[in-house]
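Return a 3D structure for these sequence lines:
(chains A and B)
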Amino acid sequence: MPIDSLVNSLPQLMDGLKNTILLTLFSLILGSTLGIALAMGRSYGGRLLAFVVYLYEKIFRGIPLLVLFFLIYFGLTEVGINLDPFPAAILGLGLRSAAYQSQIYRGAINSIPEGQTLAAYSLGMSRLKTVRYVILPQVLRLSIPGWSNELTIVLKDTSIAFSIGVIELMRQGRYIYALDFDMVLPVLLFIALIYFIIVFSINKGLGYLERKYRMLGLQT
Amino acid sequence: MQHILEVKDVHKSYGEIRVLKGISFTMNKGETKVIIGTSGTGKSTLLRCINQLDPLDRGEIWLEGEEITHRSKSINIIRQKIGFVFQDFNLFNHLTALKNVSIGLEKVKGMSKEEARKHALQELQRVGLEKQAHQYPAQLSGGQKQRVGIARALAMDPTIILFDEPTSALDPELIGEVLEVMKGLAGKVTMLVVTHEMGFARNVADEIIFMEGGIVVESGPPAQMFTNPKFSRTKDFLGKIATLYGTEGGK
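Residues are numbered from 1 along each chain as shown, chains lettered A, B, ... in the order given. Next up, the predicted model:
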């Protein structure tokens, strides 16, 4: 019975899920931190810094994730950098996500009227204080919808880390149905369901955050 | 008596366009001066040059006997002494009215949260908005937003407040409440006001400065400017304004 087999393989799948979640988490921490830094660099940095960020965004948004994974995992070996699959996957997902997230934050920065910056200056705030107390709090709120989208993309794309040998949900699934070909469809359907439930719950949760921290009167 | 503000021969160009061509005037403590003139004549630029949101090309600004345009002066400290009220309010959208007023006290003046809150509430009372303290800018009317803007400037306890067309973005029925607040400040706070509200200029200003083409054409007390201007350009402008807004400026 496929149901019995599924139940039996549950611990193995949960083990994979744990890695999927860890991978998502670490990739997002890297992606968000670097993404904010990139957006700030492009909006407030000098011309050179802005150009470097621009190049970064173009490059990392222009390479397929699978190619990026292979470059980091296999390619770097050639120059003497040997990364384990897990950190290689974090690097690939995080660096790519940073390029996309940078765009999200930059859009939010641009949507804040310049007058607010002038008003902050007129109170005697330094540039740093203006960014810290006026710009950033608004940028983060305005970025929640875009960020929520990015989170689900990163979560789903962790499955591609399968290709460089990270033992996440997909690979655990493959281990199971490789031994029993009757299980291919049930296992894949079950994995799809797990992804769906998680993505669905995350979106619900972030929707709540978005409503909680919206700027009153500005919601549409 | 020492002047509270001295503007000396201020020049400012944007590329090829010479906007200010040598502006000079002085202000005493507690005075209200109104700058009038046609659009594009550099009135707003002059205000921005005074608190250096726009750096000036040539000339000097002195505040309480200190040259603030001098390179060694820290601009963030100087700006605390110069309040600025914007045409478009420029409130911080993510903060309540109260927080809009208290943020400068807390983050710039280093007051404690509680102290800043108390002080901000007093300033909101001063502009008649204590009931709206916990509303966000998007929930306020234009007139209320501008009163928060004035309270925000007042809270910093500045030496002078610059008003850049504070009522120009308002619906006519909302102009009155803002002008009332400003009238209430006259004599207590030093104010330099760019406005087209001739009623305010006539009734509240100690002196009117008429600018055209980047220079001060004429200045004097309202009575003289309105009844007996020296230059025909002044007369022409006031005539035009009177036709547009009425002699009392609609209020």
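
Where does the stretch 151-251 of chain B get nearest to chain A, which residue?
Per Cβ to the nearest Cβ, residue B:156 is where the stretch 151-251 of chain B lies closest to chain A, at 6.3 Å. In short, each C-beta sits where N, CA and C put it, glycine included.

What is the burial count for that residue?
23 (other Cβ atoms under 10 Å in any protein chain shown).

ok, and the closest non-adjacent residue to residue 147?
No chain in the question, so chain A it is. Leaving aside its chain neighbours, residue A:147 sits nearest to residue A:104 (6.2 Å; criterion: Cβ to Cβ, 6 or more residues apart in numbering or on different chains).

wait, chain B
residue B:127 (4.0 Å).

can you check residue B:111 too?
Per Cβ to Cβ, 6+ apart, closest to residue B:111 is residue B:105, 4.6 Å.

How much space separates the residue in the stretch 1-150 of chain B that chain A sits nearest to from residue B:151?
Proximity of the stretch 1-150 of chain B to chain A (Cβ to the nearest Cβ) peaks at residue B:138, 2.7 Å away. Separation of residue B:138 from residue B:151 (Cβ to Cβ, to the nearest Å) stands at 17 Å.

Residues of the stretch 151-251 of chain B that sit close to chain A?
Residues of the stretch 151-251 of chain B lying close to chain A (Cβ under 8 Å from any Cβ of the partner chain) are B:152-153, B:156.

residues contacting the residue nearest to residue B:111?
Listed by Cβ atoms under 8 Å, 6 or more residues apart in numbering or on different chains, the contact partners of residue B:105 are B:111, B:115-116, B:119-120, B:155-156.

Need the max-distance pair from these.
B:115 and B:156 (13.8 Å; Cβ to Cβ).

Run through chain A and note the low-pLDDT ranges.
For chain A, residues meeting the criterion pLDDT under 70 lie at A:1, A:216-220.

Regarding it, what is its longest helix?
In chain A, with assignment by DSSP state H, the single longest helix is helix A:2-44.

and that one, how far out from the chain's middle?
8 Å (Cα atoms, centre = their mean, to the nearest Å).

From the rest of the structure, what touches stretch B:43-52?
If you take Cβ under 8 Å, 6+ apart as the criterion, stretch B:43-52 is touched by A:122, B:5, B:7, B:10, B:12, B:19-20, B:23, B:35-37, B:54-56, B:61, B:68-69, B:75, B:78-79, B:82, B:84, B:87, B:162, B:164-165, B:192, B:194, B:211.

likewise stretch B:11-18?
So stretch B:11-18 is contacted by B:19-22, B:42, B:45-46, B:49, B:54, B:56-59, B:214 (Cβ under 8 Å, 6+ apart).

need the contact list for residue 148.
Unless you meant another one, I'm taking chain A. A:202-203, A:206-207, A:210.

could you do chain B instead?
B:89, B:91, B:97, B:100-101, B:124, B:127, B:129, B:132, B:137, B:140.

returning to that earlier point: specify which member of the contacts of residue A:148 is nearest to chain B.
The closest of the contacts of residue A:148, once distances to chain B are taken by Cβ to the nearest Cβ, is residue A:210, at 13.6 Å.

any idea how far residue B:209 is from the closest residue to residue B:191 other than its chain neighbours?
Spatial nearest neighbour of residue B:191, excluding adjacent residues (Cβ to Cβ, 6+ apart): residue B:32 at 4.6 Å. To residue B:209, residue B:32 is 11 Å away according to Cβ to Cβ.

about what we covered before: which strands and helices sit next to the longest helix of chain A?
On a contact count with 3 or more Cβ pairs under 8 Å, 6 or more residues apart in numbering or on different chains; DSSP states H and E, helix A:2-44 meets helix A:47-62, helix A:85-110, helix A:136-157, helix A:169-179, helix A:184-212.

Out of those helices, which one sits most buried?
helix A:85-110 (a mean of 22; mean count of other Cβ atoms under 10 Å in any protein chain shown).

Would you mind getting the angle between that one and helix A:136-157?
Inter-element angle recorded for helix A:85-110 and helix A:136-157: 140 degrees (by axes from the mean of the first three to the mean of the last three Cα atoms, to 10 degrees).

Quick check: residues of the stretch 1-150 of chain B near chain A?
B:51, B:53, B:76-80, B:82-84, B:86, B:88-94, B:103-104, B:107-108, B:135-139.

Looking at neighbours, which among the contacts of residue B:105 is most surrounded?
residue B:120 (27 neighbours).
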